[in-house]
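S.K.: no sequence for this one, just the structure:
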């Protein structure tokens, strides 16, 4: 039997691809490095280790946690963006690394959308808009109306420039045409103390830290930044229910791989994460810190990340907010 040159070339091409195809079929064949771009012991790190433990059992390979810290998570994200797209180096990306850092920092050397495949959502946290009771304000509409009549008069605390509370403030101002005086603290806990004492007028804070003070009447909750109500604060409306659907903001985390990672690997990982997130161990771990599961598979998660990056780039550049 004889074959022509075209048939020979096609056969040779298939032979050259066969090791790659076998590697994908056998995936994972060795331990997987999971880069956490925040310090060991941080909330992101703790949650990741629980998820990785369950996921490794399903995949039959260990996950090696590698904490690469710096520039609000961007050091770790850049490292993964340059890794081989073979499924063996993954990133736990966040709203910061994939949504806001490229707009906040001038030195970011990766594209949060083009340089990654968003495999699957993992978890999220929401903020609650809280005000000092001395203001006599009980709704978001009342706060907006007062701010419009008195631009810059109300002091708005946060845990610092570029933090979740600050970003929510910029989004609020962008969507409502209001202007507050931003008072950045070294930590959101310090801002919360001053809110309770009446030294600042309002702030966005994580639901889990503000909830006890809301219940005892020391501060007043106006709305949460999630698209649905939070179990810790079932009587507090969402921003959409309060009349402001464009002000939704989560601190989220998800699993990412370098761009050009084979689709078969991405689909396998996304399917396994879906099953992992159904584990009672995962739910109890997230509930303990006031977080919630974001079971958002690829490509839904890919589209979500692209929208987040576009939204925060527009908000931050319009506000002229940048960090060194």
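M.R.: Looks like it arrived, so ask away. Treat the numbers as computed from the prediction; the structure is a model and nothing was measured.
S.K.: is the residue most central in space within the chain in a helix, a strand, or coil?
M.R.: Geometric centre of the chain, nearest residue: residue 252, 2.5 Å, by C-alpha atoms, centre = their mean. With DSSP: H, G, I helix; E, B strand; the rest coil as the basis, the three-state label of residue 252 is strand.
S.K.: the helix or strand of the chain with the lowest mean pLDDT: what's the following helix or strand?
M.R.: Considering only helices and strands, the least confidently modelled element of the chain by mean pLDDT, DSSP states H and E is helix 5-25, at a mean of 50. Toward the C-terminus, helix 5-25 is succeeded by strand 32-36 as the next helix or strand (DSSP states H and E).
S.K.: which is the next helix or strand following that following strand?
M.R.: Moving toward the C-terminus from strand 32-36, the next helix or strand (DSSP H and E) is helix 43-59.
S.K.: about what we covered before: leaving out the residues flanking it, which one is nearest to the residue nearest to the centre of the chain?
M.R.: Counting by C-beta to C-beta, 6 or more residues apart in numbering, the nearest residue to residue 252 once its immediate chain neighbours are dropped is residue 124, at 4.2 Å. Bear in mind the C-beta positions are built from the backbone N, C-alpha and C, glycine included.
S.K.: ok, now how distant is the one you found from residue 177?
M.R.: Taken as C-beta to C-beta, to the nearest Å, the spacing of residue 124 relative to residue 177 amounts to 28 Å.
S.K.: next one: the longest strand seen in the chain to chain centre, how far?
M.R.: Under DSSP state E, the strand in the chain containing the largest number of residues is strand 116-131. Remark: strand 116-131 is offset 4 Å from the chain centroid, using C-alpha atoms, centre = their mean, to the nearest Å.
S.K.: buried stuff in the helix or strand following that strand?
M.R.: Next helix or strand after strand 116-131 toward the C-terminus (DSSP H and E): helix 140-149. When burial is assessed from 16 or more other C-beta atoms under 10 Å, helix 140-149 yields the following buried residues: 140, 143, 144, 146, 147.
S.K.: neighbouring strands of whichever helix or strand comes after helix 140-149 in the sheet, and parallel or not?
M.R.: As assigned by DSSP H and E, the chain's next helix or strand after helix 140-149 is strand 155-158. Here strand 155-158 has these sheet partners by DSSP bridges: strand 181-184 (parallel), strand 202-206 (parallel).
S.K.: out of these, which gets nearest to residue 83?
M.R.: Comparison of the strands paired with strand 155-158 against residue 83 by C-beta to C-beta identifies strand 202-206 as nearest, at 31.4 Å.
S.K.: quick one on the thing from earlier: is it true that the residue nearest to residue 252 touches residue 290?
M.R.: No. Judged on C-beta atoms under 8 Å, residue 124 makes no contact with residue 290 at a distance of 10.4 Å.
S.K.: output the below-cut-off pLDDT ranges for the stretch 101-250 of the chain.
M.R.: Scanning the stretch 101-250 of the chain with the threshold set as pLDDT under 70 gives no residue ranges.
S.K.: what comes up buried for stretch 270-282?
M.R.: For stretch 270-282, the buried set under the neighbour-count rule, 16+ other C-beta under 10 Å, comprises 270, 272, 273, 276, 277, 279, 282.
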